[in-house]
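Novice: Let me see the structure of the following:
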Amino acid sequence: ALPALRNRQLADRAPHELALEQAESPYAESLRRLRTTLALAGEARNITTGRSVLVTSSLTGEGRSATALGLAVLAAKGGARVLLIDADLRDPGLHEVLGVPNERGLSDYLAGAAELGEVTEFHLAHGLYVIPAGTRLEDPSALLARPVARDLMAAAASGFDLVVIDSSAVLPAPDALLLARHADQIVHVVASGQKRGPVLAALASLNGAGAALSGMVLNRADPKRIGEAGSVPFASGHVRLDRAEPPRRLPAGAG
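Specialist: Numbering: from 1, shown residues only. Below is the predicted model:
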């Protein structure tokens with residue numbers, strides 16, 4: 001769970017900037033716990049280097065991009081060689097937060113209009129590599145369905161310790177499902193207060209696509225309500241998380 005951040009805490013900073021400046025804050029510690037949990041899960045599957053982690057959500061506005069950015073920045077801060085890819089080709093925003101150019105990016109590379117080196121930026125302040133979304137095209141799904149997208153993720157994983165892909169949300173478009181097939185790990189971000197229906201529908205879609213779902217991140221959580229009980233507050237009630245049980249596959253019609 002990632003705790004909710006108030007405006008007075010952020011003070012005009014992005015969440016990842018807060019995590020860097022206040023390394024002992026609950027938010028920073030939660031991001032480090034997420035990074036460690038994913039690393040341990042990868043080791044359990046004999047993926048010790050070159051892991052690709054796709055971060056998605058059920059709907060837009062749940063904090064998916066902030067989570068992906070925070071995960072990538074703190075991993076780079078810890079000494080890992082990190083590549084962050086903005087794969088939200090419909091509504092990209094990482095380039096604005098990081099202050100990198102977006103004239104060319106992922107879409108241009110997938111379309112064959114640019115070489116990989118031409119669309120990869122190094123963010124000196126955060127010490128990580130970034131591929132922005134690039135030119136907006138009419139049919140992002142067609143681009144992401146090309147074999148070159150799969151090849152890119154495989155090649156990137158071989159050159160970096162960690163590749164973080166900020167995908168679009170699952171339910172509005174099929175883009176995340178196309179990418180999820182090629183990622184080693186999937187993180188599903190759920191905003192606190194989200195209803196069960198969209199969450200279950202998105203999980204069923206990921207399951208049907210054969211995604212390697214590693215787990216869910218409850219974003220903007222109230223620490224007082226979560227504690228050690230392991231219950232996740234949704235608007236329609238509580239969903240119990242039993243940490244002793246392995247993830248179960250959802251039936252195709254769930255949600």
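
Novice: ok, Y109 - contacts?
Specialist: Counting by Cβ atoms under 8 Å, 6 or more residues apart in numbering, Y109 touches 115-116, 118-119, 131, 134, 148, 152. For the C-beta atoms, the positions are set from N, CA and C on the backbone; glycine is no exception.

Novice: try 7 Å
Specialist: Y109 makes contact with 116, 119, according to Cβ atoms under 7 Å, 6 or more residues apart in numbering.

Novice: Identify the single longest helix in this structure, thanks.
Specialist: helix 26-44 (DSSP state H).

Novice: Name every strand pairing with the helix or strand following it and say which way it goes.
Specialist: Once helix 26-44 ends, the next helix or strand along the chain (criterion: DSSP states H and E) is strand 51-57. Here strand 51-57 is paired, per DSSP bridges, with strand 162-166 (parallel), strand 185-191 (parallel).

Novice: okay, these, which one's buried deepest?
Specialist: For the strands paired with strand 51-57, average neighbour numbers computed from mean count of other Cβ atoms under 10 Å are highest in strand 162-166, which has a mean of 27.

Novice: so where do the helices sit in the stretch 1-150 of the chain?
Specialist: Secondary structure of the stretch 1-150 of the chain (DSSP state H, counting those that start in this stretch): helices located at 7-10, 15-21, 26-44, 64-77, 94-98, 106-110, 116-119, 140-144, 147-159.

Novice: Tabulate these (a markdown table), appending distance to D166 and mean pLDDT.
Specialist: Listed next are the helices of the stretch 1-150 of the chain as a markdown table, based on distance: least, Cβ to Cβ, whole Å; pLDDT from 0 to 100:
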| stretch | distance to D166 | mean pLDDT |
| --- | --- | --- |
| helix 7-10 | 20 | 83 |
| helix 15-21 | 12 | 90 |
| helix 26-44 | 14 | 89 |
| helix 64-77 | 4 | 95 |
| helix 94-98 | 6 | 95 |
| helix 106-110 | 10 | 96 |
| helix 116-119 | 15 | 94 |
| helix 140-144 | 13 | 95 |
| helix 147-159 | 13 | 90 |
